[in-house]
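A.B. asks: quick one, what's the 3D model for this:
(2 chains)
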Amino acid sequence: MQISRLIYCVALLTFSALAHAAQAGASNVGAADFQKTARPFFAKYCMDCHDDETKKGDVSLEGLADVSADNASMWKRVWEQVALKEMPPRKKANQPKLMERLELSNWITDGMTRAMKDKGGFSEHLRPSKANHLDHDLLFGAAFKGLEPSSTPARIWRIHPQEQLVRLNDLISLKRKYDPERPGLWTHGDQIPSNLEGETKVYFGLDGYLGSFNDAYNFGVGGFQSNLSLVRDHGLRNYPFLYSVNSSEALQIAGTAEKVLRFMAYGPAAEPYQFADDINKIPGQYRNLNIIFYKKGIYRPLTPVYDLMNTPGVSDERLKTVINFLFESLTLRPPSKAETATYLDIASKSIKELGKEDGVFVGLLPIFLDRDALFRPELCENGKPDKYGRVMLQGQELVLAINAAFSYIRPKNDHLWTALSEGKLKTREDVKREVARILSDENIRKPRVLQFFREYFDYDRAPGICKDRKTLERDGGHFDTIYASMNSMVANTDGLIELILRDDKNVLQEILTTDRVIYQPYTSGANFRDGILFKTDIAYFMNRGKRFVEFKKYEAIAPTKDNKLVIERAQREVYDQNMLHHIFPNPAQPIYVRQSPFDQGRFPPAINALKAITTVDTRERLGILTHPVWLVAHSDAMDNHAISRGRWIRERLLGDAVPDIPITVDAKLPDEPRSTMRQRMRVTRAPECWRCHQKMDPLGLPFEKYNQLGILLDTNPSNNWGHPVDTTGEIILSGDPALDGPVKDPAEMIRKLAASERVNQVFVRHAFRFWMGRNETINDAPILQDAYQAYRDNNGSMKALLTSLLTSDAFLYRKVKPEVPTSSTAKK
Amino acid sequence: MQRRISRREMLRETAVGVGALLGTSLLPKMAQAADKPVVQTAGGPKRVIFFLQNHGFDPLTCIPKDLNRESCALDGLPLEKPMQALEPYKNRMHIITGLHGRHTNPGHSAYFGALGAYRGGTGVPPSAATIDYVLSRSLPQTILPPLCIGMESLDSMRARPTLATLSASGPNQPIFMHCDPNMLYQMLFGSIAEGAVKQHYEARSNVMLEVERVAQLKTKGLPPSEGERYARYVTGFRDINGLNEKLSGISAQLKKFAPKLDDRYSNPKFETDWHDALLEIGIAALQANLTNVLTIASGCGEYFGSWKGLGISDSGHGLGHIDQPGNLIWTKIRHYNCEMLIKLMKALEATPEGTGSMMDNTLIVYSSNNAEKQHSEGATWPFVLLGNGGGRFKTGQYTNIKERPINDLYTTFLHGVGTPVDRFNIDKTLANINHSKLGPIEELLA
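C.D. replies: Next comes the predicted model:
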């Protein structure tokens, strides 16, 4: 890092008022105007090529005035080009200092925010996809002095859709304890797993499920999805500023709430004949109905709602008990007296109007719509701001913030509340103690940690990639099961990551280079005649170039007039075992992963899926980036997507970015079925394209070792229309000269990247964003450096990284007065 | 093994994830629209209906057989089988081909790009108001501009009773479509119910007023930027409660046109029962003058869909992989669409307005949210217009327009309703690239 340190020596001298302006959410409007900031920058670095006379690329900056709605698109281009060091061209000797670039960037984004305020707004610079516009070397160079200490703006954070589902599920489902012997099982507090169709749903009456005879899933099972939205892009998805709750969602929440309350009171909405002791004793007349049957008895939590509705009468005291219970279950904190009184008043009026039966259910709905049931406040209303306008989180807000860093529900016997009540949750050390306690307790489930890895790697996007049937089947996929396979593989990858997190050693490196794979060894109810075994995820781990060696021989069964099916099945079984051994020759162990209660609506519900874990030949696959789930997540409908894969590496591992594609560019590869992706990508070599594509394509092309489905390609050219499989690529402009250079295949590239200090730092940057819910700023540099050091010094421990982040100022302090001038801004 | 390729969870995210700030109201700018002075449209339409089928609209299913001219009268030319039900309405029809939407990025669906005529696609928030909303602001004002309804599988409509994929009132301001007829009925006609239903409606309305009050109280202490975001939540309740109040003031009108609640609402056998019910509510909303623009999204603007009630066992995404011309499934779907269009026209014909009927002052626009097919590049985007919109639009015609973007058609609509603009949602640079011309497509105007 010698180079970046040198830069920083200079940078320190020029560090200026922008330190404060860069603070997330803060605006230094007017601190620097067009004449002082943009004009001199243009004159010094741009006008040689972009005045009215030269107008290179048909772009002139000469007439470009202060930022306005009319010229916003041009300023956006300037911002990205300057921030990402695309301009001035790299070959030019006269390059702006990093701090000059940052100063202009911040001035532009401030101006854009102002100019677009009433015209749809501008917030791109706050989005996760633009976080790398802050240069990595600025953050991890020399330590800054005189920086205003970090903080995060006071805010409300809309809960994650999973958070809503987990909390509601808690009201209607029995709690499943953590089993250390089988750690992959779905446990109380884990996220709600999606089913093989990708549907994430909470089911009513799952605990009391007895059985069904038909396609009960489609007709008989009640349930609900989350009513809250989430952007479906690759990358981090849950920054607070992105979400509110709209009235459509609110009405849906009200509808869901009523169903939940009724279930809490009375159980499944079913006819008496749907309750039985033995599925086999269901009378014939009910067997042809598309319904499910429930066990007799009560299989749901017995809550105050149950008590209220199953005993006659109603009183304020009993209503209060219900209100307090619901409020705490939904907001994870006890209500204030005023809040209880408000909701008691609403419920009482409703009961008066409608009577107890309907009045209770309608009258309790508002609790589900309470602000704090949908938004977690981090407002610090009561603290005294320090000289920077910051207040440390305290009291209930601190408890909820720490809890929310890991969990979607309030754990039972929660020490956080005990610590708070005993006055032992006030200082950074207190927080550190509690974070360490939570991290060491496997009983406290931590779905947020897993969610980070999903969003960082994007592997949960694989089922969302629509595949064209013709090319899918040409490339070895099965159209009728591809999405089920992808959803299965998402669950498997969750399991693999949790396994690595339990070891907690060199976490990123291990995920990137592991030889372990979890796969689905069978499908329940598999129809061997359909060869369904190879319509599961196993098919996508195929190596097309490997010689097939028979592992097991078929022992012939003498044919009789009755055993045709038996013979077929035996032959199929042997074939399947041989294929399985061909793909996964190493020994496998059983492992549980969380998967949906219902598989495609046809099979009895199973809480979890029993999968297998094995190791693979690292010459074939090395780490998650070579698993089909990641490769598919970064493919498109018809083919591989070297650009998407390269872009992922550029952004998530190298901490760099490429500007948005101009709207006028027709970004399509030529349709040449007999050409390789690499050949078709010749069009990106055009000079106007290559400036950006050079940062992506050479990083993505090594993955041409696999096809669009993740199947390892046959290296024999005759099987690829005469083209050899070319897996070469190159790391360029990484910011770390030791990393740059050609690579012969994905394994070599991945090994280099996984061992890189810069890559691990970029990983830390992403963890920061996820847990702080915002992009990092220059003020966060010391925090990022500390977090990386903690991670590195503890052998790549995620626990150490989280402890560092969650005890940082960025996590603990909220800025309640953004306009407070700071000494750091004045000092320089 | 047959398998539904629904992936509903993913799409639920998509559907509502497209609005960047995702806090917009179910009832966009209702108050403002109601307060806005009515723009008189001398002789133009008083209402416009958009009907968008998903998975694209293959031109070969709508261009009449034996046609060898670029533009001609439809008289004497038999319609293609999927559109045959509209044969009696041919003299009120205008089939338009040759428009494109390459810049709308269709793929599976152009989403907001279909009615916005700008870059859309999966996960892309609306960058400007869509044509249905813009028209609703220009037409004689109604309480609810526009009303959007969406039709999908039962499961999906239950899981997502409202979602936003097609219409928008401005940048990052998606408009929600309604997919659950029970909820929509309650919202529009709940105030005129009798007995226990009315009592329940009123109690619930009172509770929602309380929710608004409590939500408003919790605005206190929020920093300005957060207050703005949270205000979207509060405003949503205000709009819902405001609508209730407005509707209670026109109960006679509502009673006259309210559809009859029957088993199809409470106990649908197939999804098509709900599709029909939604259409009936849409018709009633037009007749009662609740809305001046009805946007119907068959397939909810996405790329799934289900029509088991028509005897089509396939559903979901796979339907889009089928070539539409000559395909029995797609013929059934188009036929069903046509029946719906006929139902609309008949209902409006039967409702007097001025010296004629409501249909005399109506324009119906039938097309797709995804150009001509699934995995489309938007190269060609057929439209069928029905009705002459108060005499402003030509009918009984086939017109093939060479290489103009759908923006130009939407510009034409705005001319037709009496609020002429040079261009719709396209700047000069993009206009040049996409061969957009200034002003309306004259061949379409009477």
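A.B. asks: max-length helix in the chain?
C.D. replies: With no chain named, the answer covers chain A. Taking DSSP state H as the assignment, the helix of chain A that covers the most residues is helix A:482-503.
A.B. asks: actually it's chain B I care about, not the one you picked
C.D. replies: Chain B, longest helix under DSSP H: helix B:224-248.
A.B. asks: flag every buried residue along that helix.
C.D. replies: Residues of helix B:224-248 classed as buried: B:226, B:229-244, B:246-247 (neighbour count, 16 or more other CB atoms under 10 Å in any protein chain shown). All C-beta atoms are positioned from the backbone trio N, CA, C, and that covers glycine.
A.B. asks: and residue A:682, which of the three is it?
C.D. replies: Of the three states, residue A:682 takes helix under DSSP: H, G, I helix; E, B strand; the rest coil.
A.B. asks: quick one: pLDDT of it?
C.D. replies: pLDDT for residue A:682: 92.
A.B. asks: would you mark the buried spots in the longest helix of chain A?
C.D. replies: By 16+ other CB under 10 Å, the buried positions in helix A:482-503 come out as A:482-501.
A.B. asks: neighbours of residue B:211, how many?
C.D. replies: Using other CB atoms under 10 Å in any protein chain shown, residue B:211 has 23 other residues around it.
A.B. asks: give me the mean pLDDT for the helix or strand hosting it.
C.D. replies: Element membership for residue B:211, per DSSP states H and E: helix B:195-217. Helix B:195-217 carries an average pLDDT of 91.
A.B. asks: what packs against it?
C.D. replies: helix A:337-354, helix A:356-368, helix B:224-248 (3 or more CB pairs under 8 Å, 6 or more residues apart in numbering or on different chains; DSSP states H and E).
A.B. asks: try 10 Å this time
C.D. replies: Here helix B:195-217 touches helix A:247-266, helix A:337-354, helix A:356-368, helix A:371-374, helix B:181-189, helix B:224-248, going by 3 or more CB pairs under 10 Å, 6 or more residues apart in numbering or on different chains; DSSP states H and E.
A.B. asks: does the third one come close to chain B?
C.D. replies: Read that as helix A:356-368. Yes. Using CB under 10 Å from any CB of the partner chain, we find that helix A:356-368 touches chain B at A:358-359, A:362-368.
A.B. asks: closest one of these to chain B?
C.D. replies: Chain B lies nearest to residue A:366 out of the residues of helix A:356-368 next to chain B, by CB to the nearest CB, at 4.8 Å.
A.B. asks: leaving out sequence neighbours, find the closest residue to that closest one.
C.D. replies: Leaving out its chain neighbours, the residue that sits closest to residue A:366 by CB to CB, 6 or more residues apart in numbering or on different chains is residue B:211, at 4.8 Å.
A.B. asks: which residues touch that neighbour?
C.D. replies: Going by CB atoms under 10 Å, 6 or more residues apart in numbering or on different chains, residue B:211 touches A:250, A:254, A:346, A:365-370, B:234, B:237, B:240-241.
A.B. asks: now render those as CSV, adding distance to residue A:650 and pLDDT.
C.D. replies: Formatted as CSV, those follow (distance: CB to CB, whole Å; pLDDT from 0 to 100):
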residue, distance to residue A:650, pLDDT
A:250, 40, 90
A:254, 44, 92
A:346, 53, 97
A:365, 47, 96
A:366, 48, 97
A:367, 46, 98
A:368, 43, 98
A:369, 42, 97
A:370, 43, 98
B:234, 41, 94
B:237, 44, 90
B:240, 45, 86
B:241, 49, 90
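A.B. asks: how about the residues of the stretch 1-150 of chain A by chain B?
C.D. replies: Residues of the stretch 1-150 of chain A lying near chain B by CB under 10 Å from any CB: A:25, A:27, A:73, A:116, A:119-121, A:123-124, A:127.
A.B. asks: sorry, that was for the stretch 251-400 of chain A
C.D. replies: Within the stretch 251-400 of chain A, the positions adjacent to chain B are A:251-252, A:254-255, A:258, A:338-339, A:342-343, A:345-347, A:349-355, A:358-359, A:362-372, A:374-375, A:377-382 by CB under 10 Å from any CB.
A.B. asks: pull out the buried residues from the residues you listed.
C.D. replies: Neighbour counting by 16+ other CB under 10 Å classes A:251-252, A:254-255, A:258, A:339, A:342-343, A:346-347, A:349-351, A:353-354, A:358-359, A:362-372, A:374-375, A:377-380 among these as buried.
A.B. asks: how many neighbouring residues does residue 327 have?
C.D. replies: Going with chain A. Neighbour number of residue A:327 under other CB under 10 Å is 23.
A.B. asks: wrong chain, I was asking about chain B
C.D. replies: 16.
A.B. asks: over to residue A:595?
C.D. replies: For residue A:595, the neighbour count with other CB under 10 Å is 27.
A.B. asks: report the contact partners of it.
C.D. replies: Here residue A:595 is in contact with A:184, A:186, A:193-196, A:487-488, A:490-492, A:494-495, A:520, A:606-611 (criterion: CB under 10 Å, 6+ apart).
A.B. asks: pLDDT wise, what is the closest residue to it other than its chain neighbours at?
C.D. replies: Excluding the flanking residues, the one nearest residue A:595 by CB to CB, 6+ apart is residue A:609, at 3.9 Å. As summarised for this prediction, residue A:609 has a pLDDT of 73.
A.B. asks: now residue A:21
C.D. replies: On the pLDDT scale, residue A:21 gets 37.
A.B. asks: with the one 10 residues further on instead?
C.D. replies: Per-residue confidence at residue A:31 stands at 40 (pLDDT).
A.B. asks: which stretches of chain B form helices?
C.D. replies: Using DSSP H, helices in chain B cover B:8-17, B:30-35, B:112-116, B:131-138, B:154-159, B:181-189, B:195-217, B:224-248, B:251-257, B:263-266, B:271-287, B:328-349, B:406-416, B:428-433.
A.B. asks: out of these, which is the most enclosed?
C.D. replies: Highest mean neighbour count among the helices of chain B (mean count of other CB atoms under 10 Å in any protein chain shown): helix B:112-116, with a mean of 31.
A.B. asks: and the strands in the stretch 301-446 of chain B?
C.D. replies: Under the criterion DSSP state E, counting those that start in this stretch, the stretch 301-446 of chain B contains strands at B:352-353, B:356-357, B:362-368, B:383-386, B:397-405.
A.B. asks: and those strands: which comes nearest residue B:151?
C.D. replies: Closest of the strands of the stretch 301-446 of chain B to residue B:151 is strand B:362-368, at 13.8 Å (criterion: CB to CB).
A.B. asks: near chain A at all, that closest one?
C.D. replies: No. Strand B:362-368 does not reach chain A (CB under 10 Å from any CB); its nearest approach is 17.3 Å.
A.B. asks: that strand pairs with which strands?
C.D. replies: Strand B:362-368 pairs in its sheet with strand B:47-53 (parallel), strand B:383-386 (antiparallel), by DSSP bridges.
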